[in-house]
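Trainee: coordinates for the following, if possible.
(one chain, ligands or ions: 2)
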Amino acid sequence: MIIEIPGELERFGGNIIYELQRVLLLDSGLRKKAPDLDSSAYPYYNISYEESYAIESKMSIVVPVKDVPLKLLEGVLFAIPHHCHVIVVSNSSKVPADRFVMEKKLVDNIRKFTRRPISIVYQKDKKLSGALKDAGYSSVLDSKGIIKSGKGEGMILAMALAKAAGKKYIGFIDADNYFPGSVHEYVKEYAAGFSISESRFTMVRIAWYSKPEISKDNLFFTKQGRSSVVTNKFLNKIISYYTGFETEIVRTGNAGEHALSTELAMVLGYSSGYSIESYHYINLLENFGGLDTIPYKKVMNDFIEIFQINSRNPHFHQKKGSRHIRNMIKDSLKVMYHSSVCPEPIREEIIQDLTAREALKEGEELEKGIYYPPLASLDFDKFKDSLPGPLTETLLP
Ligand code: GDP
Ligand code: CO
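Mentor: Ligands and ions are numbered 1, 2, ... in the order given. All right, here's what the predicted structure looks like:
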């Protein structure tokens, strides 16, 4: 892959956020045949096939799924390179039809026919919930001791499993994607980001190039998602407040498609449900921004690199109504509002924005969401010992 070297960046304490990077060539071939780019003359990185292969072989791709048509999930799973490890984490309904059983059949068939490493787990599994409890990570459990519902909660479970499987990188891909080609591309871009990173603590986030919408019987390709526009605006406002310079650096506030080095995944704090992605930025500023007490001094010394890559395929997923979008915006803005890094004037703007969108009534308080501590507090030896046998077989082949 040939990818732009980011010209601009924003530093915030130990965080380095790079500007959006364009992809110039999706596949630049084998190392010895790849175009010879002299980076002093060309502002591009060239990531050879061998380099991406080496990274993808150490990566778990996590696919969170909740009641997504099987055809879509199948397309997504078929598009993930063979050498990546795959973890499907499902919170699908069991009634009237047991959708999880159908997903499990699909995954078992893929493993059988393609011989690839792939596991599926049920988010509400008693044994998995118990394994988290045994390992001292009970905050994601409900009063009955079962893992709570929510995309973020499923992702936390999957990150713990990827770490237990010894993977160095963890990438996320939503299951409701209609274009397998885009899924394949996201994985390549995750690998590209890790390949150019100089830090052990790295995050790669995708900003898709376009999203097709039907407008008056015609296709129209939009540039930014409906909730991303708002999330990005407020994240940039928070950064600008401290640096004193207006910025548009953040383009991936709501990126469902993102990847982290496992080392970074272990020291980040998480928030519940759909707010997890925007909270990444907020928690990076809270933990490593140098503003408050710093819980991970060592990480701040090493710095954290955040890459944003502009994918080439259009992003086409299940269309959600305006209520879903409004809730997503509310959840994203909530984690900003309640953060110690959010300045008072921006808090006021958040309330004004949510009230104008009727996501909040006049005078209503924006309640605080649910947060989870970093996975570093989990005892991985105990967690691995408590995992159910059949899962261990597919997870640690
Ligand atoms: P959007 O694309 O960000 O608007 O949100 P989606 O509703 O498409 O959700 C993103 C992904 O998370 C999809 O693959 C969903 O099926 C999945 N998802 C949503 N809720 C849950 C959940 O509670 N648990 C798990 N494991 N996945 C979920
Ligand atoms: Co979606």
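Trainee: can you list the buried residues in the lowest-mean-pLDDT helix or strand in the chain?
Mentor: Every helix and strand in the chain was compared by mean pLDDT, DSSP states H and E; the lowest is helix 297-302, with a mean of 76. For helix 297-302, burial by neighbour count (16 or more other CB atoms under 10 Å) applies to 299-300, 302. (Each C-beta comes from the backbone N, C-alpha and C, glycine too.)
Trainee: in CSV: those, plus distance to ligand 2.
Mentor: Shown next, in CSV, are the buried residues of helix 297-302 (distance: CB to the ion, whole Å):
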residue, distance to ligand 2
Val299, 31
Met300, 34
Asp302, 33
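Trainee: can you tell me the SS state at Gly171?
Mentor: Judged by DSSP: H, G, I helix; E, B strand; the rest coil, the three-state class of Gly171 is strand.
Trainee: stretch 312-327 vs ligand 1: in contact?
Mentor: Yes - Stretch 312-327 is in contact with ligand 1 by CB under 6 Å from any ligand atom, via 317-318, 320.
Trainee: next, the residue of the stretch 101-250 of the chain found nearest ligand 2: phi, psi?
Mentor: The nearest approach of the stretch 101-250 of the chain to ligand 2 comes at Asp176, 4.3 Å away (CB to the ion). For Asp176, the backbone dihedrals (degrees, to the nearest 10) come out as phi -90, psi 40.
Trainee: which residue packs closest to it, ignoring adjacent ones?
Mentor: Spatial nearest neighbour of Asp176, excluding adjacent residues (CB to CB, 6 or more residues apart in numbering): Gln318 at 4.2 Å.
Trainee: so what's the residue count around the one you found?
Mentor: Applying other CB atoms under 10 Å, we find 14 residues neighbouring Gln318.
Trainee: ok, now which ones touch it?
Mentor: The neighbourhood of Gln318, defined by CB atoms under 8 Å, 6 or more residues apart in numbering, consists of 68, 72, 176.
Trainee: out of those, which touch ligand 1?
Mentor: On the criterion CB under 6 Å from any ligand atom, 68, 176 are the entries of these that sit beside ligand 1.
Trainee: ok, and the most crowded of the contacts of Gln318?
Mentor: Ranked by the number of neighbours (other CB under 10 Å), these place Val68 first, at 21 neighbours.
Trainee: so that one: helix, strand or coil?
Mentor: Put simply, Val68 is coil when judged by three-state DSSP.
Trainee: mind checking how far it is from Gly363?
Mentor: 38 Å (CB to CB, to the nearest Å).
Trainee: excluding sequence neighbours, find me the nearest residue to Pro314.
Mentor: Using CB to CB, 6+ apart and skipping residues adjacent in sequence, the residue nearest Pro314 is Ser210, 4.8 Å away.
Trainee: what's the neighbour count on the one you found?
Mentor: The tally of other residues near Ser210 (other CB under 10 Å) stands at 18.
Trainee: for the one 10 residues further on, same thing?
Mentor: A count of nearby residues for Phe220, using other CB under 10 Å, gives 11.
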